[in-house]
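> What shape does this take:
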Amino acid sequence: MPHFFVDEEIESKEYSLFGEDGRHISKSLRMNKGEALTLCSPSGTVHNCVVEEISGDMVKVNVLSSKISEAEPDVKVTLYQALPKGDKMELIIQKAVEIGVSEIVPVISSRCVSRPDKKSLSKKTVRWQKIAKQAAMQSGRGIVPKVKECISFNDAVKSAKGDKVIFYELGGESVKTILKDKPSEISMFIGSEGGFSSEEVNLVTENGGRKATLGKRILRAETAPLVALTLIMYETDNME
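Next up, the predicted model:
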């Protein structure tokens, strides 16, 4: 069933979509009156709807039922991702949203090869947010995870909330051990191709964080965050 996100809470039995979403429904999907779709409001409420009228890029729907999304995990995970080279960040964002991330914060760490200027980063952030929205639509999420502005590693550590976990290629505790108490909020740090420096790791642990390992094999920059996030979802019972 087509899945769309709206920017406001739906409080009546009728709702109209305009612009890009309206055109997508009428032109790309070629939907007709009587066909079903779902709308998700910012609170994570899923509204089951049926198309009532289509006129140009305006689509009016009738809301049949509403409920809180069952697709959202009960743990909030923020991914602090050190910028990888090329377009790997796009894949990371897409798949992390599918797996269940709540927020993504691009980070410039000491070993990042990719260091776009402010203008380029601004354009990338807009594109990354679109990718997050598309992934959320495809995977039936109840919310669109936010892709924040890129920040420094120091600022990332300062802003991190909940249980802080830095995945370090030189070893650490298992994810199962770290998450045995099932925290409700986790900030996870993943490095770029060069990993993290010992100083960066120490900064996280000095601020209450813990080092974690993903095993003895070396994972690529775009693989590590997806494996780590999947383990977190599994260990917090959000893969059932």
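> What lies in contact with the lengthiest helix in the chain?
Once the chain is assigned using DSSP state H, the helix that runs over the most residues is helix 118-139. Under the criterion Cβ atoms under 8 Å, 6 or more residues apart in numbering, residues 3-5, 71, 89-90, 93-95, 97-98, 104, 106, 116, 141, 143-150 lie in contact with helix 118-139. All C-beta spots, glycine's among them, are computed from the backbone N, C-alpha and C.
> Give me the phi and psi for D57.
Main-chain torsions, D57, degrees, to the nearest 10: phi -100, psi 20.
> Now do the strands in this protein.
In the chain, strands defined by DSSP state E lie at 3-5, 14-17, 36-40, 45-55, 58-68, 76-82, 103-108, 146-147, 151-152, 163-167, 185-190, 210-212, listed in chain order.
> any chance of the ones you listed in CSV, plus mean neighbour count, mean pLDDT and distance to V201?
Output for those, formatted as CSV (neighbours: other Cβ atoms under 10 Å; pLDDT from 0 to 100; distance: least, Cβ to Cβ, whole Å):
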stretch, mean neighbour count, mean pLDDT, distance to V201
strand 3-5, 18, 93, 37
strand 14-17, 16, 94, 47
strand 36-40, 19, 95, 38
strand 45-55, 17, 94, 40
strand 58-68, 15, 95, 38
strand 76-82, 26, 98, 12
strand 103-108, 22, 97, 14
strand 146-147, 20, 98, 25
strand 151-152, 14, 96, 16
strand 163-167, 23, 97, 6
strand 185-190, 24, 98, 9
strand 210-212, 19, 97, 6
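> okay, these in JSON lines with distance to H24 next?
Formatted as JSON lines, the strands of the chain follow (distance: least, Cβ to Cβ, whole Å):
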{"stretch": "strand 3-5", "distance to H24": "8"}
{"stretch": "strand 14-17", "distance to H24": "9"}
{"stretch": "strand 36-40", "distance to H24": "11"}
{"stretch": "strand 45-55", "distance to H24": "12"}
{"stretch": "strand 58-68", "distance to H24": "9"}
{"stretch": "strand 76-82", "distance to H24": "28"}
{"stretch": "strand 103-108", "distance to H24": "24"}
{"stretch": "strand 146-147", "distance to H24": "21"}
{"stretch": "strand 151-152", "distance to H24": "33"}
{"stretch": "strand 163-167", "distance to H24": "37"}
{"stretch": "strand 185-190", "distance to H24": "33"}
{"stretch": "strand 210-212", "distance to H24": "40"}
